[in-house]
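Dropping a prediction and its sequence here:
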Amino acid sequence: KPTDKVYHLGDVVINRKALPTLHRLNGDKVLIRGNHDIFRDDEYREYFRELRAYHVMNGMILSHIPIHTESLGRFGTNIHGHLHANRVMWADPMDGYADKVDSRYHCVCVEQTDFAPILFEDVIRRIEEEGGAVGFRNGNGPTMWGDKYSMFLSLTNDLELNEARPLAQYNNLRFLLNSN
C-alpha cells in the first residue's frame, strides 16, 4: 500500500536503465544502500524518501551486508540482505564444529521470503523461532518484545530515543530486497 513503510536492504537495480521501474513499487521507501547501489544519490532520491548505510530499529540493526560480529555489540539481531539464499553460519564446538545458523543474523533476501515483501512482525517471529534476540542487549537498552501488544522504543533518524509506541502502529512495516 502507498502508506506502508518499506525498507529495501540494498541492490535495488544493477543497471541504471532499470531505475524507473522503482516507481511501480508501493510504500514510503527507504533504501539501505547495497554494494551494487553505485549511482549518484540524486538518482535514487526520485524513488526513495531516504538513503542510508544502515538503520537501527527496536534494538536491531538493518544493513545490506551482514555486519562484523565485533560490531553487533548492543544489537540483538542484524537484519540484512546480500547473501541471497545463504545464511550467516558458525561452527559449534559443542557439536563437533558442525555449521549452524547464527541466530544473531537474519537474512531477508527475496530468496528467503518467497520473492515477496515480508511484514516486520513476520521477521520478528522468524528471529524468535530461530532463538535470536529481539531488542537491545548488554544493558544498552531494553529488550522489549513479548506479545503483540507490547510496547517498544521507536528510534528517530539520528538514533536518539523518541517515544514508546504500540506494536500495532507498525503492522504495515515491510522489508524488501530486490534479487538483482
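Yes, it's here.

What's the local residue count around residue 52?
16 (other C-beta atoms under 10 Å). C-betas here are computed from N, CA, C, even on glycine.

How about it: what's its closest non-neighbour residue?
With sequence-adjacent residues excluded and distances taken as C-beta to C-beta, 6 or more residues apart in numbering, residue 52 is closest to residue 32, at 5.4 Å.

That neighbour and residue 8 touch, don't they?
Yes. Between residue 32 and residue 8 there is a contact under C-beta atoms under 8 Å: 6.7 Å.

surely residue 64 meets residue 78?
No. Under the criterion of C-beta under 8 Å, residue 64 is not in contact with residue 78, lying 10.7 Å apart.

that older thread, please enumerate the shared neighbours of residue 32 and residue 8.
Counting by C-beta atoms under 8 Å, 6 or more residues apart in numbering, residue 32 and residue 8 have no contacts in common.

Can I get the lengthiest helix in the chain in PDB, CA atoms only?
Looking across the chain with DSSP state H, the single longest helix is helix 120-129. The C-alpha trace of helix 120-129 is given here as PDB (Å, rounded to 0.1, in the frame of the first residue of the first chain):
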ATOM      1  CA  PHE A 120       8.000  -6.700  10.200                       C
ATOM      2  CA  GLU A 121       6.000  -9.000  12.600                       C
ATOM      3  CA  ASP A 122       6.900 -12.000  10.500                       C
ATOM      4  CA  VAL A 123      10.600 -11.100  10.600                       C
ATOM      5  CA  ILE A 124      10.400 -10.800  14.400                       C
ATOM      6  CA  ARG A 125       8.600 -14.200  14.600                       C
ATOM      7  CA  ARG A 126      11.300 -15.900  12.400                       C
ATOM      8  CA  ILE A 127      14.100 -14.400  14.600                       C
ATOM      9  CA  GLU A 128      12.400 -15.600  17.800                       C
ATOM     10  CA  GLU A 129      11.700 -19.100  16.300                       C
END
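
Which neighbouring elements make contact with it?
strand 105-107, strand 174-176 (3 or more C-beta pairs under 8 Å, 6 or more residues apart in numbering; DSSP states H and E).

cutoff 10 Å now
strand 60-63, strand 78-80, strand 105-107, strand 174-176 (3 or more C-beta pairs under 10 Å, 6 or more residues apart in numbering; DSSP states H and E).

between the ones you listed, which one is nearest to residue 28?
Closest approach to residue 28 among these is made by strand 174-176 (10.4 Å; C-beta to C-beta).

and the residue nearest to residue 52, what are its phi and psi?
phi -90, psi 110 (degrees, to the nearest 10).

With residue 133 instead?
Dihedral angles of residue 133 (phi, psi; degrees, to the nearest 10) stand at phi -100, psi 130.
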